[in-house]
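Asks: Fold the following for me, if possible:
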Amino acid sequence: MVNNISPFTFSLKEVFMTLDLSVFEKALNNLKLSIEAYKNDSKNDMIRDSVIQRFEYTYSFTLKIMERFLRESSINKEDVFTFNSLIRTASQNNLLLGNLENWDVYRKKRNMTSHTYDEKKALEVISIMDDFIKEVEFLLNKLKEHNAD
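Replies: Sure thing, here's the model as predicted:
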């Protein structure tokens, strides 16, 4: 345990764990492949549905890995994060490009995915993919930097 680290402020170099990022990276890559396929064939409902399903998985996995990293980085390993505190803490520690407002949009779109039979809602979910992918790539790169330290 490292002294002098508050539960919510830390330097990546002060954290002594290595995260296995292979599943996270694979989820992101699969999402990127599906969105590229969709851009080439936007009339294909199966590809659209694949993008949405891969978004659901990647979104959930992103929150889990963020929480794991922040919990392991904390003095109190039992920290429980609400959605808002998780995003704010990750943002304060430069793990995210965006802020709570950006992530709230992603959360709302994720909650819409159970209604993707509605064409309009499905297209709303698809519309945030490029921004979401940039955000997740940024987080992945920050976590890779941590692992390399």
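Asks: can you give me the helices in this structure?
Replies: For the chain, the helices defined by DSSP state H cover 22-40, 45-73, 83-92, 100-112, 119-126, 129-148.
Asks: need the helix or strand of this structure with the lowest average pLDDT.
Replies: When each helix and strand of the chain is scored by mean pLDDT, DSSP states H and E, helix 119-126 comes last, with a mean of 91.
Asks: What ranges in the protein fall below the confidence cut-off?
Replies: Applying pLDDT under 70 to the chain flags the ranges 1-17, 75-78, 116.
Asks: separation between the spatially most central residue of it and residue 41?
Replies: By Cα atoms, centre = their mean, the chain has its centre lying nearest to residue 62, at 3.2 Å. Counting by Cβ to Cβ, to the nearest Å, the separation of residue 62 from residue 41 is 26 Å. (Glycine included, C-beta is placed from N, CA and C.)
Asks: Then residue 58?
Replies: 21 Å.
Asks: So those two - more neighbours on which side?
Replies: residue 58 (24 against 10; other Cβ atoms under 10 Å).
Asks: Who are the contact partners of that one?
Replies: Residues in contact with residue 58 (Cβ atoms under 8 Å, 6 or more residues apart in numbering) are 27-28, 30-31, 132, 136.
Asks: now residue 97
Replies: Residue 97 neighbours (Cβ under 8 Å, 6+ apart): 134-135, 138.
Asks: out of these, which one sits closest to residue 105?
Replies: residue 135 (10.4 Å; Cβ to Cβ).
Asks: What's the local residue count around the closest one?
Replies: Counted with other Cβ under 10 Å, residues neighbouring residue 135 total 18.
Asks: again with residue 43
Replies: Around residue 43 there are 7 other residues, counting by other Cβ under 10 Å.
Asks: Would you check how far apart it and residue 127 are?
Replies: Distance of residue 43 to residue 127, given as Cβ to Cβ: 16 Å.
Asks: In contact with residue 86: list those residues for me.
Replies: Residue 86 makes contact with 63, 66-67, 70, according to Cβ under 8 Å, 6+ apart.
Asks: Repeat the analysis, applying 6 Å as the threshold.
Replies: Residue 86 is in contact with residue 67, counting by Cβ atoms under 6 Å, 6 or more residues apart in numbering.
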